[in-house]
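> attaching a predicted model along with its sequence, questions to come.
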Amino acid sequence: MRPPYHYGEYKWDNYLLDIQQQTREASETAQQAAADQLNELRAQTGELRSIHGTLEEMRAEFEWGFTLVVDRLDTQIEQLSTIVAKLDAIDRTLRTPLLTQTRELFQMGQEHLRKGLMDKALEAYLKAEQKNEVDFPLQLQIGKLFLYGRDEDDDVVDLVKAEKHLLLAARYADAEKGTIAQWNEYCGQAYFHAAVAAYLIGEQEQAAGRSASMRECLDRALRYLGKAANLWPRFADIVYTQAKCHALLGQAPDAMKKLEILSDRDRRYFAKASQDGDFEKLRAEVEELSRRATISPGPLAQAVQAKLDEVAEAVPWAKRSAPPWKEDVAAIETIERELSKARESLPTLDVDIEGLNERLSQTRTELNEIAQRSFKNNIDASQQAIASCELRKRVCENSIEQLERTMRSTSGQGMGCGFAVLFFVGGAVLASALGLGEKPVVALSMLGMAIVGAIIGSTLSRHNQNRPDSLKVEEHSRGIDECISALPLLKEQAEKWKKEVASFAAWRAEHKSSEPPSSRPDHRESP
């Protein structure tokens, strides 16, 4: 039987150095690619998400075997430090000098580990353990250091001690199930890493010619992995490691069953399996399973295909909502490109089906939120436009009424008297010129001319005084006409948006069963 972990000609601790170098090189390449994209696409906000995704996927990309490190070192340190802070907050009333010293030593170890000083970190952790061993973050850090603690300067790997401390971490994490929400994930992590330790101890036993002991180690690893799978089901490497152990134990049906599960979760594992010596005797079966995975996809892959189609249907709705915000428009464009890539990758072996399923759920939620807030914004804008137009019409009507009252009250007496005198004098001069004298008829004619002059003068005076108001009346009348002309169009537009919202709601109700829970609403201001 071949050695249980096929990482080449190197020993485990040297393999850790090799994998670190590969990870650094891959990470540097990804960061440079992301920087190039960022320079080209800085104006497009939506593209930043895909760049972030590129960096995130570097966490679990290794050339050999299964994933060794679940989280980046700095992320792992921060997560466990946060858990410790929560435990401290709960136990604050029970704080003793001994617990205080434990926390100080733990934080000292965290700082040493952050700086890459593995030996000093382990020294601080072990001192902290002497003061309080019942601490799962502490035991988890000690176990991981004993399992993965190898770099160019330090080598603290001890597989037997790693298994011991990781099992303690699992036990103590289980004891915190009533206080820490993520207890099951950390407990699952501890069991998974304990399984890795047992798996590697089995290699040492096989190399020493103790095949029975090696099989016992693999059986022990499978027990840990079973517990890890129940506690931390989303971590697919657990299933892959189970397949490796079954293959090494000669349990081919069980190994293939695990790989078949992965074929409907993350088909990228077939690329790993094709290079993994643990599956040497199952090479033909693995190749056949990978072929069937693309020809006859499993239930999750089929569900993801259906979800992909529904998300693709949600894109036109987001567009029809006419988003007024540039970032939403950019997000829709980015989503369209991502959906195109997803449609191409889903029928292949280069696809994380579970990851794609989660991303599609997030995308569906994002599109729904874009459509909802855009429809609401457009309906609100239409209603505001109608209200503004109606208000303008009422203001114009009221202004005209007030101006007309003002113009009706204008007397024009001053100019009327002037014209009466002028016409009377003019009549007298005309009568004298004609030699008519002072006949009664002449006097009556002069009085009539005076009255006509008064009327003409008064009319001219009122017209002259009312001219500015008349111009305002004309202006307001034009405003009323514009409002009367615009209101039907505005009401028609508002009705159109209401019908669109109703149609969108009906479409969502039709696909409600597959719709993810909505995230918090986006409170942004209208432009």
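All right, it came through fine.

> only C-alpha atoms for contact and neighbour calcs from this point on.
OK.

> residue boundaries of the strands in this protein?
Using DSSP state E, no strands are found in the chain.

> can you list the domains in it?
The chain is divided into the following domains under automatic domain parsing: 1-55, 65-235, 236-296, 297-411+474-527.

> figure out which of these is closest to residue 467.
Closest approach to residue 467 among those (C-alpha to C-alpha): domain 297-411+474-527, 9.1 Å.

> average pLDDT across the closest one?
Domain 297-411+474-527 carries an average pLDDT of 88.

> cool, stretch 242-260 as well?
95.

> what does stretch 118-131 give?
For stretch 118-131, the mean per-residue pLDDT is 93.

> what does it rub up against?
Contact with stretch 118-131 is made by 98-99, 101-103, 105-106, 108-113, 138-139, 141-142, 145, 149-150, 154-156, as judged by C-alpha atoms under 8 Å, 6 or more residues apart in numbering.

> buried members of these into PyMOL, please.
In PyMOL syntax, the buried subset of these is picked out as below (16 or more other C-alpha atoms under 10 Å):
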select buried, resi 99+102+103+105+106+108+109+110+111+112+113+138+139+141+142+145+149+150+155+156
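
> report the contact partners of residue 172.
Neighbouring residues of residue 172 by C-alpha under 8 Å, 6+ apart: 134, 135, 136.

> how about the first one: what's its closest non-neighbour residue?
Counting by C-alpha to C-alpha, 6 or more residues apart in numbering, residue 134 lies nearest to residue 172, which is 6.2 Å off, once chain neighbours are set aside.

> for residue 136, see how far away that neighbour is.
From residue 172 across to residue 136, the span is 5 Å (C-alpha to C-alpha, to the nearest Å).

> do the same with residue 156
Taking C-alpha to C-alpha, one finds residue 156 at 20 Å from residue 136.

> just residue 157 next, same as before
Residue 157 is 20 Å from residue 136, by C-alpha to C-alpha.

> and for residue 120?
According to C-alpha to C-alpha, residue 120 and residue 136 sit 20 Å apart.

> more neighbours: which of those two?
Shown here are residue 120 and residue 136; by other C-alpha atoms under 10 Å, residue 136 has more neighbours (28 against 17).

> do I have it right that the more buried one meets residue 169?
Yes. If you go by C-alpha atoms under 8 Å, residue 136 and residue 169 touch, sitting 4.4 Å apart.

> switch the domains of the chain over to JSON lines; also include distance to residue 468.
What follows is the domains of the chain, written out as JSON lines (distance: least, C-alpha to C-alpha, whole Å):
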{"stretch": "domain 1-55", "distance to residue 468": "53"}
{"stretch": "domain 65-235", "distance to residue 468": "76"}
{"stretch": "domain 236-296", "distance to residue 468": "80"}
{"stretch": "domain 297-411+474-527", "distance to residue 468": "10"}
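
> neighbours of residue 497, how many?
For residue 497, using other C-alpha under 10 Å, the count is 20.

> as TSV, the contacts of residue 172 with distance to residue 395 and pLDDT would be great.
Shown next, in TSV, are the contacts of residue 172 (distance: C-alpha to C-alpha, whole Å; pLDDT from 0 to 100):
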residue	distance to residue 395	pLDDT
134	78	89
135	74	89
136	73	89
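
> I'd like to know which of those are part of helices.
Among the contacts of residue 172, DSSP state H puts residue 136 in helices.

> between the contacts of residue 172, which sits nearest residue 326?
For these, the nearest to residue 326 is residue 136 (47.2 Å; C-alpha to C-alpha).

> which ones are touching the closest one?
168, 169, 170, 171, 172, 173.

> which stretches of the stretch 1-150 of the chain have low pLDDT?
Scanning the stretch 1-150 of the chain for pLDDT under 70 picks out the ranges 1-11, 13-15, 17-96.

> go on, the stretch 151-300 of the chain?
Residue ranges of the stretch 151-300 of the chain with pLDDT under 70: none are present.

> what ranges do the helices span in it?
Using DSSP state H, counting those that start in this stretch, the helices found in the stretch 151-300 of the chain span residues 159-175, 183-207, 211-231, 237-248, 252-263, 269-275, 283-295, 299-320.

> and those as a markdown table, adding distance to residue 508?
Putting those into a markdown table (distance: least, C-alpha to C-alpha, whole Å) gives the following:
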| stretch | distance to residue 508 |
| --- | --- |
| helix 159-175 | 41 |
| helix 183-207 | 34 |
| helix 211-231 | 34 |
| helix 237-248 | 36 |
| helix 252-263 | 31 |
| helix 269-275 | 35 |
| helix 283-295 | 30 |
| helix 299-320 | 9 |
